[in-house]
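**Q** okay, structure incoming, though there's no sequence with it:
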Ligand code: DAH
């Protein structure tokens, strides 16, 4: 018996293979139920009692060595196959496909960058808002059309809660919490109950601006907006302010820039007027300041709000608004990240 074990041990120690399948047949040959090692274990029953201890030990050694050998052969071969078959270290690298930023993010970041250079910081507010922050505090009368289901998404269970229709709602949140001076931008997504088409969507993006301090005047607003227009669309861009109405500003205005496609000469894009509208603005209505706990006798301020899709269209002439939310990589890949 001892002799047999020795022979088998020598045999196993000198095993060598070249293919993974051979290892498996060796495992069967030695270690399976009817394998040679197992057969010796069966014969162990007939070993004389006084030899049992020694032979038992040898048998156990044989079994562990056989298992170790098989495992190490397997490992050698699988490492070898990785090194030789799967990796070719001389092969040229595959080009890495870089992602691109979404055009709306690029433009939003550029707007933020331009205003941050004149001291504006950023805040965000909730997209699901209450009536007070979206309408009430902003001086919307109860019968205002924006409060109609036609224009605004209400939460069915609680008509006091809406999807914000503009980022002006963040103004009222910030002003209720923070003391002037406030010089901030509020970028974010807004929702309106519109039928989706190439020129309207049920959600879009705005950047709101707010500056509250002592002695803020309309001239400050005009200067800030002119700086923005020139930074965004080029030094030769001109601006024009037209009187308008918003419940939360008095006086209110809409701002046009000289058409950046034709330089103001007139083209189909600007409907041959030479001007395109880009934002709404005005001096914050004293009622709004008071609604938010700011003393309107001491403080005044301006606000403005612009659509990010609108500015993006002016910069890149995207003809169909729906492309912004379809995630078609062929569209998205065309925008090179500067921001
Ligand atoms: N909230 C307005 C809208 O969604 C845009 C706007 C107009 C914002 C005038 C302002 C502003 O801050 O002063 O159409």
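**A** Now that the structure is in, tell me what you want to look at. Here the structure is a predicted model, which means the values were calculated and not measured.

**Q** give the contact list for the residue lying closest to residue 238 once chain neighbours are set aside.
**A** Nearest residue to residue 238, sequence neighbours excluded (Cβ to Cβ, 6 or more residues apart in numbering): residue 258, at 4.3 Å. Any C-beta I mention is one placed from the backbone N, CA and C, and that applies to glycine too. Residues near residue 258 by Cβ atoms under 8 Å, 6 or more residues apart in numbering: 236, 237, 238, 239, 240, 264, 274, 275.

**Q** beta partners of residue 258?
**A** When assigned by DSSP bridges, residue 258 has beta-bridge partners residue 275.

**Q** may I see the buried residues of stretch 165-184?
**A** Buried residues in stretch 165-184, counted by 16 or more other Cβ atoms under 10 Å: 165-175, 180, 182-184.

**Q** state the pair within these that is farthest apart.
**A** For those, the maximum inter-member distance is 25.8 Å, found between 165 and 180 (Cβ to Cβ).

**Q** just give me the longest helix of this structure.
**A** helix 49-81 (DSSP state H).

**Q** still on that earlier bit, in CSV: the contacts of residue 258, plus pLDDT, neighbour count and secondary structure.
**A** Formatted as CSV, those follow (pLDDT from 0 to 100; neighbours: other Cβ atoms under 10 Å; DSSP: H, G, I helix; E, B strand; the rest coil):
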residue, pLDDT, neighbour count, secondary structure
236, 94, 10, coil
237, 95, 18, coil
238, 96, 16, coil
239, 96, 19, strand
240, 97, 13, strand
264, 88, 18, coil
274, 94, 17, coil
275, 95, 18, strand
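
**Q** which of those residues are close to the ligand?
**A** Contacts with the ligand within the contacts of residue 258, counted by Cβ under 6 Å from any ligand atom: none were found.

**Q** quick check, nearest of those to residue 11?
**A** Proximity of those to residue 11, judged by Cβ to Cβ, is greatest for residue 237, which lies at 89.4 Å.

**Q** write out the residues of the stretch 51-200 of the chain neighbouring the ligand.
**A** 166, 168.

**Q** indicate the residue of the stretch 51-200 of the chain located nearest to the ligand.
**A** Among all residues of the stretch 51-200 of the chain, residue 166 sits closest to the ligand, at 3.3 Å; criterion: Cβ to the nearest ligand atom.

**Q** let me see the contact set for the closest residue to residue 163 other than its chain neighbours.
**A** Closest residue in space to residue 163, ignoring its immediate chain neighbours: residue 191 at 3.7 Å, by Cβ to Cβ, 6+ apart. Counting by Cβ under 8 Å, 6+ apart, residue 191 touches 127, 152, 153, 163, 164, 165, 202, 203.

**Q** where do the strands sit along the stretch 51-200 of the chain?
**A** Listed in chain order, the strands of the stretch 51-200 of the chain (DSSP state E, counting those that start in this stretch) span 121-122, 128-130, 154-155, 158-163, 182-191.

**Q** please identify the most buried of the ones you listed.
**A** Among the strands of the stretch 51-200 of the chain, strand 182-191 has the highest mean neighbour count (mean count of other Cβ atoms under 10 Å), at a mean of 20.

**Q** what pairs with that strand, and is each one parallel or antiparallel?
**A** Here, using DSSP bridges, strand 182-191 pairs with strand 121-122 (parallel), strand 203-213 (antiparallel).

**Q** can I get these in TSV including distance to residue 291?
**A** Below are the strands paired with strand 182-191 laid out as TSV (distance: least, Cβ to Cβ, whole Å):
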stretch	distance to residue 291
strand 121-122	23
strand 203-213	13
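
**Q** now those strands as TSV including mean pLDDT?
**A** Output for the strands paired with strand 182-191, formatted as TSV (pLDDT from 0 to 100):
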stretch	mean pLDDT
strand 121-122	98
strand 203-213	98
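
**Q** of all those strands, which one is nearest residue 159?
**A** strand 203-213 (20.1 Å).

**Q** returning to what we had before: for residue 335, state which of the contacts of residue 258 is nearest.
**A** Closest to residue 335, out of all of the contacts of residue 258 and judged by Cβ to Cβ, is residue 237, at 21.2 Å.

**Q** and whatever residue of the stretch 151-300 of the chain ends up closest to the ligand, what does it touch?
**A** With Cβ to the nearest ligand atom as the measure, residue 280 is the residue of the stretch 151-300 of the chain nearest to the ligand, at 2.7 Å. Applying Cβ under 8 Å, 6+ apart, we find residue 280 in contact with 244, 246, 249, 252, 253, 254, 255, 304, 305, 306.
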